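Student: what's the 3D shape of this:
(chains A and B, ligands or ions: 1)
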Amino acid sequence: MKVTVNGEDTVIEKEQLTVTELLKFMKVDMPDMVSVELNGSFLERNNFETTKVKDQDSLEFLYFMGGGSKLG
Amino acid sequence: MNLSEEQIERYSRHILLQDVGVEGQMKLLNAKVLIIGAGGLGAPAAMYLAAAGIGTIGIADKDKVDITNLQRQIIHFTKDINVSKVESAKEKMNLINPDVKVVTYNEFLMANNIREIIRGWDFIIDGTDSFASKFLINDACVLENIPFSHGGILRFDGQTMTIKPKESACYRCVFIKPPPADVVPTCSQAGVLGAIAGMLGTIQAAEALKFVTGVGTPLYNKLLSFDAKTMRFREVNFKKNKKCGVCSENAVITELKDEEQVACDLPAGN
Ligand SMILES: [Zn+2]
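Tutor: Alright, predicted model coming up:
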């Protein structure tokens, strides 16, 4: 199947997989530090394991970034 | 209030801009912008906002300047080690531009004081480190209806979005809740290229100046991110999250509470 991840076409030799499996396939080493948008909707992290990714889906991986100074 | 002759000279490069002009400069001089965090992001933001003639600049931080800050927190100098960050930042802002009134908050911003502190400011710049702080600022700004700029940096990467509560997607719309404490990389493990803080903090300052003058289109409903290794910038567009815990019709957050601090625990901050 072909999905779009962060704007780039990605071909995966599978008919279906979960968001967790896709994160692993894309070599995201800290999936807890990612917010995932699937076809325009943001997913709860608890649902990564049960949410299926299908052919033609479009995903964005958005990374948590801190930085700056400690609050006050 | 009219611009003095000295002000007309000082701000001439703004006044020359058709979109800004004398009218825009007057808006800047009458504006109040609060910067939360006088660190990597807050330092360049504070310097550009002071130079631009933002009339009242608030700066909140509880830390003292540490030698490890000096690699990127360019508002603090070697002589300022052990000085409170807000005092150090105030000194430099006033040296850059005596027109600016600087209000310092040498305190922790927590659930029990943040709403009071942010109330009355026109725009806020989030220059904080921890995810708990970022969610706290987001929720407080949504509840108080104050627009703000989110910024984050890590290693060679930066990201930013501008939020107009109720109208555009908020930080919680996108990131939903803080990551689990045990997976967050610490500062000492992660590190950051100093100039990345300057790039990101300067974008945040530009967003504040755009907001105040009404020029251009703020980074609403989009996350701008860049990777300095390739210098590739990317925008991800989105809408408000219908299930957002704080800004949607189904919001469950109506008052603030302190979350577990999830950030680097180095004494000097990031
Ligand atoms: Zn929201």
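Student: So residue B:118 sits against residue B:34, correct?
Tutor: Yes. Between residue B:118 and residue B:34 there is a contact under Cβ atoms under 8 Å: 6.2 Å. For glycine as for every other residue, the C-beta is placed from the backbone atoms N, C-alpha and C.
Student: Give me the common contacts of those two.
Tutor: Shared contacts of residue B:118 and residue B:34, defined by Cβ atoms under 8 Å, 6 or more residues apart in numbering or on different chains, are found at residue B:124.
Student: now the strands for chain B?
Tutor: Applying DSSP state E to chain B gives strands spanning B:32-36, B:56-60, B:101-105, B:123-126, B:148-154, B:157-163, B:222-227, B:232-237.
Student: In chain B, which residue sits nearest chain A?
Tutor: Residue nearest to chain A within chain B: residue B:39 (2.4 Å; Cβ to the nearest Cβ).
Student: Report the separation between that residue and residue B:152.
Tutor: 12 Å (Cβ to Cβ, to the nearest Å).
Student: lowest confidence element among the helices and strands of chain B?
Tutor: Taking mean pLDDT, DSSP states H and E as the measure, chain B has helix B:187-190 as its least confident helix or strand, at a mean of 59.
Student: Would you mind listing what in the stretch 151-270 of chain B touches the ion?
Tutor: B:170, B:172-173, B:244, B:247 (Cβ under 5 Å from the ion).
Student: need those in TSV with distance to residue B:136 and neighbour count, can you?
Tutor: As requested, these are exported to TSV (distance: Cβ to Cβ, whole Å; neighbours: other Cβ atoms under 10 Å in any protein chain shown):
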residue	distance to residue B:136	neighbour count
B:170	13	27
B:172	11	24
B:173	16	26
B:244	15	23
B:247	14	25
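Student: Could you report the neighbour count for residue B:190?
Tutor: Counted with other Cβ atoms under 10 Å in any protein chain shown, residues neighbouring residue B:190 total 16.
Student: right, and it touches residue B:154 too?
Tutor: Yes. If you go by Cβ under 8 Å, residue B:190 and residue B:154 touch, sitting 5.8 Å apart.
Student: Just the closest residue of chain A to the ion, please.
Tutor: Of chain A, the residue with the smallest distance to the ion, taken as Cβ to the ion, is residue A:42 at 9.8 Å.
Student: Could you list the buried residues of stretch B:113-124?
Tutor: B:114-115, B:117-118, B:121-124 (16 or more other Cβ atoms under 10 Å in any protein chain shown).
Student: Tell me which of those fall in helices.
Tutor: B:114-115, B:117-118 (DSSP state H).
Student: Including distance to residue B:100 and pLDDT, could those go into a markdown table?
Tutor: A markdown table is the format used below for those (distance: Cβ to Cβ, whole Å; pLDDT from 0 to 100):
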| residue | distance to residue B:100 | pLDDT |
| --- | --- | --- |
| B:114 | 23 | 97 |
| B:115 | 25 | 97 |
| B:117 | 19 | 97 |
| B:118 | 19 | 98 |
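Student: now those residues as CSV including distance to chain A?
Tutor: Listed next are those as CSV, based on distance: Cβ to the nearest Cβ, whole Å:
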residue, distance to chain A
B:114, 9
B:115, 14
B:117, 9
B:118, 12
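Student: biggest separation within those, which pair?
Tutor: Using Cβ to Cβ, those span at most 7.4 Å, a distance reached by B:115 and B:117.
Student: Quick check: neighbours shared by those two?
Tutor: Common neighbours of residue B:115 and residue B:117, using Cβ under 8 Å, 6+ apart, do not exist here.
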